[in-house]
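Enquirer: Please find the sequence and the predicted model below.
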Amino acid sequence: MDDHQVHPKCVKQLKAVSKILANAKSKSIQGYKYPVPLEACGSKENNALLALLRCETKHRVTCQLQQKLYDTCHASVMGVGTYENKSNCSSQLAALRDCVKFKV
């Protein structure tokens with residue numbers, strides 16, 4: 001990911017994610033295989049990625065459906081503890097990430 005790939009108003013969020021990716025090259029984060037553990041809702045890494053994706057979605061007005069699906073899942077998980085018999089929103093977050101075209 002380069003600065004020119006993100007909306008100018010999202011550079012701050014990109015830097016936070018880039019820092020996480022730089023740290024992840026030498027070790028796995030919290031024992032997860034991938035640099036940003038999508039199933040670790042509320043983790044520092046997950047929140048940084050989500051902030052970047054929300055910024056991109058807001059300023060580019062794309063991926064609104066994926067954003068809405070993630071928000072619905074998150075509200076349900078925070079409210080009752082599950083969404084469609086899952087305790088996290090990793091698949092919805094992955095769909096949002098893939099829509100925005102970030103491979104982290």
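Expert: Here it is on my side, so go on.
Enquirer: Can you tell me what sits against the helix or strand where residue 71 lies?
Expert: Per DSSP states H and E: residue 71 is located in helix 64-80. Among residues not part of helix 64-80, those counted as contacts by Cβ atoms under 8 Å, 6 or more residues apart in numbering are 41, 53-54, 57, 82-84, 86-89, 92-93, 95-96, 99. In short, each C-beta sits where N, CA and C put it, glycine included.
Enquirer: Lowest-confidence one in those?
Expert: The member of the contacts of helix 64-80 with the lowest pLDDT is residue 41, and it reads 80.
Enquirer: Flag every buried residue along the helix holding residue 71.
Expert: 66-67, 69-70, 73-74, 77 (16 or more other Cβ atoms under 10 Å).
Enquirer: For the chain, name the helix or strand with the lowest mean pLDDT.
Expert: The least trusted helix or strand in the chain, going by mean pLDDT, DSSP states H and E, turns out to be helix 11-24, with a mean of 84.
Enquirer: Would you mind giving the orientation angle of the helix or strand that comes right after it with respect to helix 64-80?
Expert: Per DSSP H and E, the first helix or strand lying C-terminal to helix 11-24 is helix 44-60. Between helix 44-60 and helix 64-80, the angle comes out at 140 degrees (axes from the mean of the first three to the mean of the last three Cα atoms, to 10 degrees).
Enquirer: Lovely, talk soon.
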